[in-house]
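Student: The amino acid sequence is not available; the structure is as follows:
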């Protein structure tokens with residue numbers, strides 16, 4: 001990760017629970033934009049091989065560097081249940097753009 005330090009210990013996504021704050025290293029496996037009531041948002045599914053989390057970026061239709069195959073470090077608080085965890089407006093850092 002070069003000279004950048006992780007903001008905390010890395011957590012496997014498959015172990016993340018509802019309301020847990022975590023830091024994880026993952027790969028973008030799906031992107032989708034959607035609109036609700038005139039507001040647009042971007043959803044991004046990331047996976048680390050143990051599980052996956054959906055990231056939601058409110059008011060955005062794209063995030064620079066976030067594309068299919070990109071590797072990133074994310075930090076946030078998971079909401080949801082064991083079937084689907086969501087993190088709203090997470091902190092993130094692109095590690096590799098997937099090329």
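Tutor: In hand now; what should we look at? A quick note: this is a predicted structure, and the numbers were derived from the prediction, not measured. Numbers count the residues shown, from 1 in each chain.
Student: what lines up beside the helix or strand of the chain with the lowest mean pLDDT in the sheet?
Tutor: Lowest by mean pLDDT, DSSP states H and E among the helices and strands of the chain is strand 91-96, with a mean of 91. Next to strand 91-96 in the sheet, as set by DSSP bridges, lie strand 71-77 (antiparallel).
Student: ok, and for the partner strand, which residues are buried?
Tutor: Buried residues in strand 71-77, counted by 16 or more other CB atoms under 10 Å: 71-76. C-beta: built from backbone N, CA, C; applies to glycine.
Student: which element follows it toward the C-terminus?
Tutor: Per DSSP states H and E, the first helix or strand lying C-terminal to strand 71-77 is strand 79-80.
Student: Which other helices and strands does that following strand contact?
Tutor: strand 85-88 (3 or more CB pairs under 8 Å, 6 or more residues apart in numbering; DSSP states H and E).
Student: circling back: just give me how far the least confident helix or strand of the chain sits from the chain centre.
Tutor: 9 Å (CA atoms, centre = their mean, to the nearest Å).
Student: picking up where we left off before, so can I have TSV of the buried residues of strand 71-77 showing distance to residue 36?
Tutor: Formatted as TSV, these follow (distance: CB to CB, whole Å):
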residue	distance to residue 36
71	29
72	25
73	28
74	23
75	25
76	20
